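Enquirer: Need the 3D shape of this:
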Amino acid sequence: MKQISILGCGWLGLPLAKTLITKGNSINGSTTSENKLSILKDAGINPFLVEIEEKEVSQNIDSFLAKSEILIIDIPPKLRAVDPNSEKKAFVDKIKNLIPFIEKSTIKKVLFVSSTSVYSDDNGFIAEENIPNPETESGKQLFLVENLLQQNQNFETTILRFGGLIGEDRHPVTFLAGKENLENPDAPVNLIHQKDCIGIIEEILNQSKWNDVYNAVAPFHLSRKDYYTQKAIEMNLPLPNFSSEKSNIKKVISSEKIETVLDYKFRLGDY
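Expert: Below you'll find the predicted structure:
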């Protein structure tokens, strides 16, 4: 049995915690909402109200980290309100404030949930060996945080870069249905299902794969037009209409490392 702290029991963190508990692990889980504490408790999670701010961290942080050897960080940058021309590094500052608490805790291993947005929209296959060159503010801050964590000698960090997140209750086609003149019709999709997210994290923990970086995108890369049209039909939604202009974006995120190093098999039937 492992004692694990999950910072951010949201769309992914909560079902991940539930899965890890069924495998005999003890989970400390954090939320920023008092209303959600009872939901975590009912799921068998040790609930903690934790706020990570740019200048301070909740007093509960020490108790949340206590006795855990592994910390999973799964909190979104939430940078929509940040001026893209600003030098402000809100998410980076939050993690900088968190690190001293990790250093003085029992945490020895950190799994940081990042994103393939750390890569630019270059053409061709993108593997972990490709040097990130983020174009969005979110991608830039995620990459800075990746480096902050991996350069710290007080704990080992593995980076997990997820593609577009989908699940039974979350799919981009619900936002695209019926829309007109959508861009990049022939750009390949780079998606990852919630079930695969959890399965891959389980393998990293089970196999103790630390100080590493993994891209996590299903080896399934239909064009945006073909895929979202197909999904709209399956879900009985209005068809999305795409622009006739060809796309210059041919980015395909490779998950070959996950398939070979972790020997992980994606659940392609869920896509």
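
Enquirer: Could you list the low-pLDDT ranges of the stretch 51-200 of the chain?
Expert: Judged by pLDDT under 70, the stretch 51-200 of the chain has its weakly predicted residues at 79-88.

Enquirer: where do the strands sit along it?
Expert: Assigned by DSSP state E, counting those that start in this stretch, the strands in the stretch 51-200 of the chain fall at 70-73, 109-115, 124-126, 156-162, 164-166, 191-193.

Enquirer: Make TSV from the ones you listed and add distance to Glu54 and mean neighbour count to it.
Expert: Where C-beta positions appear, they are placed from N, C-alpha and C, glycine not excepted. Converted to TSV, the strands of the stretch 51-200 of the chain look like this (distance: least, C-beta to C-beta, whole Å; neighbours: other C-beta atoms under 10 Å):
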stretch	distance to Glu54	mean neighbour count
strand 70-73	16	25
strand 109-115	18	23
strand 124-126	31	15
strand 156-162	21	22
strand 164-166	25	18
strand 191-193	29	23
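
Enquirer: what helix or strand is Pro47 on?
Expert: Pro47 is located in strand 46-49, with elements delineated by DSSP states H and E.

Enquirer: ok, and what's touching that strand?
Expert: For strand 46-49, contacts defined as C-beta atoms under 8 Å, 6 or more residues apart in numbering pick out 26-34, 36-38, 40-41, 58, 60, 63-64.

Enquirer: hmm, which of those are the buried ones?
Expert: Of all the contacts of strand 46-49 considered here, the ones buried according to neighbour count by 16 or more other C-beta atoms under 10 Å are Ser26, Ile27, Asn28, Gly29, Ser30, Thr31, Lys36, Leu37, Leu40, Ser58, Phe64.

Enquirer: and the nearest residue to Asp212 once chain neighbours are set aside, bridged to which residues?
Expert: The shortest distance from Asp212 to any residue that is not its chain neighbour, by C-beta to C-beta, 6 or more residues apart in numbering, is 5.0 Å, and that residue is Thr158. In this entry, Thr158 is beta-bridged to Leu111, by DSSP bridges.

Enquirer: Number the chain from 316, please
Expert: That works, and once the first residue is 316, the last one we named lands at Thr473.

Enquirer: who touches Thr473 in this structure?
Expert: Lys424, Val425, Leu426, Phe427, Ile519, Lys524, Trp525, Asn526, Asp527, Val528, Tyr529.

Enquirer: Take the contacts of strand 361-364 and keep only those in helices.
Expert: In helices, judged by DSSP state H, the following of these are found: Leu352, Ser353, Leu355, Lys356, Ser378, Phe379.
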